[in-house]
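Enquirer: Show me the folded form of this:
(one chain, ligands or ions: 1)
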Amino acid sequence: MPRTIIEPFRIKSVEPLQWTTRREREQLLRAAYNNLFLLPAEDVLIDLLTDSGTGAMSTRQWAAIMEGDESYAGSKSYDHFRDSIQEIFGYRHVIPAHQGRAAERILFSVMCTKGDVVPNNTHFDTTRANIEFVGAEAVDLVIPEGKQPSLIHPFKGNMDVQALEKLIEHVGRERIPLVMLTVTNNSGGGQPVSMENVRQVSAVCRRHRLPLYFDACRFAENAYFIKEREPLYEDKTPKEIAQEMFRYGDGCTMSAKKDGMANIGGFLCTNDDLLAQQEKNLLILTEGYPTYGGLAGRDLEAIAVGVQEALHEDYLRYRIASTAYLGNHIAEQGVPIVQPPGGHAVYIDARAFLPHIPPDQFPGVALAAELYLEGGIRAVEIGSLMFGAAAKMDLVRLAIPRRVYTQSHIDYVVEVILEVWKRREQIQGMKLTYEAPFLRHFTARLEPVEQAVAQSV
Ligand SMILES: Cc1ncc(COP(=O)(O)O)c(C=O)c1O
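Expert: Got it, this is the predicted structure:
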């Protein structure tokens, strides 16, 4: 069999890209206060800001969309959605929501109160913010290997099980309403969690009668890593692996904008009847009736097909290989990345890329700005701007939208990164000129440090 891994699809509909000159990009970046979230998307050539909701849907998804039943209550599209999700996730209650953070808000509002503590391998920014919003504390317990960007380990997303035991002992199980595991661990480099670790965490939770929930956004990519890297799983299908993993938990939150292969949507699952009732009551208050949860019937149909397609083995082989292709090609030239490359994204270690810029001058923001100036690429900082003092690393994430870019796009991205790498010593740090009280990275305004000094003199 030929070794080249090709995109396992043909392209049926295309969207032109828009070119800009370097001079135009300089003006655009200034107008966006050096925050790439504030750029008009049409001025971005290759958009690697996120893999969330940016994927291309399949012909089967588009066909299912035409079957959308838009009835307010009892829509048959909800039945398709619930049945498809239950087949994989196995949980009794499936509650739709408009995206992952809505599911999180409902879950934490129902389960947490002030003073509670919620452990996770690494909380994503929206889970952390939603936990803190109800006055609880979000604690990250990823294994020590997961905090060392250049270290190679097959499951750097694993939770430190001893640290979990210690935390339970220290704060007491009464203050821990649930334990979470994020698969794959987005904020820790898109790194997978092993089945063995899931089993161990689940055993600790069972022993202390604590519910275990998955932040399941990239469950299919995690399943494929288990198949590739964990003994005894190579002959199992990604779906069998996902089914087994979810059996160790009691519920999940999910953003269907990732491995749901949809442009919008999410859901919350639980096996607990009482919680489900409370969650549905809250859902009705802010999202909508429980058979649509803030989504159109057609969105439910797209997700019902998408969660199944995300588990196709040829798709996952291509997905994981193409992300690794980008990571390996820049790493070969010395660019420091989180090793090994993650499932949905490559993470550049900005502290190692720009050692002359201290964390309080946002090396990740400075590097992301430079990638845009050089080649119109939009990436995102995951570090001191996003997490403030809690940031353990300063990373620049290049997230690959699903089924959108081809290998030549990725070759272009490699070339741009290597150009910036050559002149890394000239890049300056950044200074905040505006920040919102939470999730500040979305709206922050920054300027280069030298410029800030010059103005204050
Ligand atoms: C691990 C993880 N959890 C939760 C979310 C939140 O999902 P959404 O953007 O749909 O609200 C994301 C989104 O990127 C994520 O990566």
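
Enquirer: going forward, measure contacts between C-alpha atoms and count neighbours the same way
Expert: Noted.

Enquirer: all helices in the stretch 201-350 of the chain, in order from the N-terminus.
Expert: 219-229, 238-247, 273-286, 297-309, 313-331, 350-353 (DSSP state H, counting those that start in this stretch).

Enquirer: For the third one, list every residue counted as buried.
Expert: Of all the residues in helix 273-286, those buried under the rule 16 or more other CA atoms under 10 Å are 276, 279, 280, 281, 282, 283.

Enquirer: Go through these and say which is closest to residue 29.
Expert: Nearest to residue 29 among the buried residues of helix 273-286: residue 283, at 38.9 Å, using CA to CA.

Enquirer: right, and the closest one touches residue 292 too?
Expert: No - with contact defined as CA atoms under 8 Å, residue 283 does not reach residue 292; the gap is 9.9 Å.

Enquirer: Show me how far stretch 258-269 is from its chain's centre.
Expert: 12 Å (CA atoms, centre = their mean, to the nearest Å).

Enquirer: one step back: let's have the buried residues of helix 273-286 in CSV, adding pLDDT and distance to residue 214.
Expert: Shown next, in CSV, are these (pLDDT from 0 to 100; distance: CA to CA, whole Å):
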residue, pLDDT, distance to residue 214
276, 98, 16
279, 98, 17
280, 97, 19
281, 97, 22
282, 97, 20
283, 97, 20
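
Enquirer: Which of these sits closest to residue 68?
Expert: Nearest to residue 68 among the buried residues of helix 273-286, counting by CA to CA, is residue 283 at 21.0 Å.

Enquirer: Next up, the contacts around that closest one.
Expert: Going by CA atoms under 8 Å, 6 or more residues apart in numbering, residue 283 touches 97, 106, 289, 290, 293.

Enquirer: okay, now the third one: neighbour count?
Expert: In terms of burial, residue 289 registers 21 neighbours under the definition other CA atoms under 10 Å.

Enquirer: repeat for the second one
Expert: Using other CA under 10 Å, the number of residues around residue 106 comes to 22.

Enquirer: where does it fall, phi/psi-wise?
Expert: phi -70, psi -50 (degrees, to the nearest 10).

Enquirer: Same check on residue 142?
Expert: Torsion angles, degrees, to the nearest 10, at residue 142: phi -70, psi 150.

Enquirer: and what of residue 377?
Expert: The phi/psi pair for residue 377 (degrees, to the nearest 10) reads phi -90, psi 130.

Enquirer: Grab the nearest non-local neighbour of it.
Expert: residue 46 (4.9 Å; CA to CA, 6 or more residues apart in numbering).

Enquirer: and the host helix or strand of residue 414 with helix 313-331, angle?
Expert: Secondary structure from DSSP states H and E places residue 414 in helix 407-422. Between helix 407-422 and helix 313-331, the angle comes out at 20 degrees (axes from the mean of the first three to the mean of the last three CA atoms, to 10 degrees).

Enquirer: mind listing what's buried in helix 407-422?
Expert: So for helix 407-422, counting by 16+ other CA under 10 Å, buried means 410, 413, 414, 416, 417, 418, 420, 421.

Enquirer: Remind me what the following helix or strand past that helix packs against, helices and strands.
Expert: The C-terminal neighbour of helix 407-422 among helices and strands, as given by DSSP H and E, is strand 430-434. Strand 430-434 is packed against helix 363-375, strand 445-448, helix 449-456, with contacts defined by 3 or more CA pairs under 8 Å, 6 or more residues apart in numbering; DSSP states H and E.

Enquirer: how about the nearest residue to the closest residue to the ligand within the stretch 101-250 of the chain, chain neighbours excluded?
Expert: Here the stretch 101-250 of the chain gets closest to the ligand at one residue, residue 101, 3.7 Å apart by CA to the nearest ligand atom. Leaving aside its sequence neighbours, residue 101 sits nearest to residue 126 (CA to CA, 6+ apart; 6.0 Å).

Enquirer: State whether the one you found is indeed within a helix.
Expert: Yes - assessed with DSSP: H, G, I helix; E, B strand; the rest coil, residue 126 lies in a helix.

Enquirer: That one: what's it in contact with?
Expert: So residue 126 contacts 101, 104, 439 (CA under 8 Å, 6+ apart).

Enquirer: ok, now how distant is it from residue 356?
Expert: To residue 356, residue 126 is 30 Å away according to CA to CA, to the nearest Å.

Enquirer: go on, residue 388?
Expert: Taken as CA to CA, the span from residue 388 to residue 356 is 19 Å.

Enquirer: re earlier: switch the buried residues of helix 273-286 over to a markdown table, and while doing so, append distance to the ligand to every line.
Expert: Shown next, in a markdown table, are the buried residues of helix 273-286 (distance: CA to the nearest ligand atom, whole Å):
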| residue | distance to the ligand |
| --- | --- |
| 276 | 20 |
| 279 | 17 |
| 280 | 18 |
| 281 | 20 |
| 282 | 17 |
| 283 | 15 |
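
Enquirer: what about the closest residue to the ligand within the stretch 151-300 of the chain, how many neighbours?
Expert: The minimum distance from the stretch 151-300 of the chain to the ligand, using CA to the nearest ligand atom, falls at residue 255 (4.2 Å). Residue 255 has 29 neighbours, counted by other CA under 10 Å.

Enquirer: Give the closest residue to the most centrally placed residue in the chain in space, chain neighbours not counted.
Expert: Centroid-nearest residue in the chain: residue 186, 4.5 Å away (criterion: CA atoms, centre = their mean). Of all residues not flanking residue 186 in the chain, residue 124 sits nearest, at 6.8 Å (CA to CA, 6+ apart).

Enquirer: Okay, strands next: where are they in the stretch 151-300 of the chain?
Expert: Shown for the stretch 151-300 of the chain, the strands assigned by DSSP state E, counting those that start in this stretch span residues 179-182, 212-215, 251-255, 266-270.
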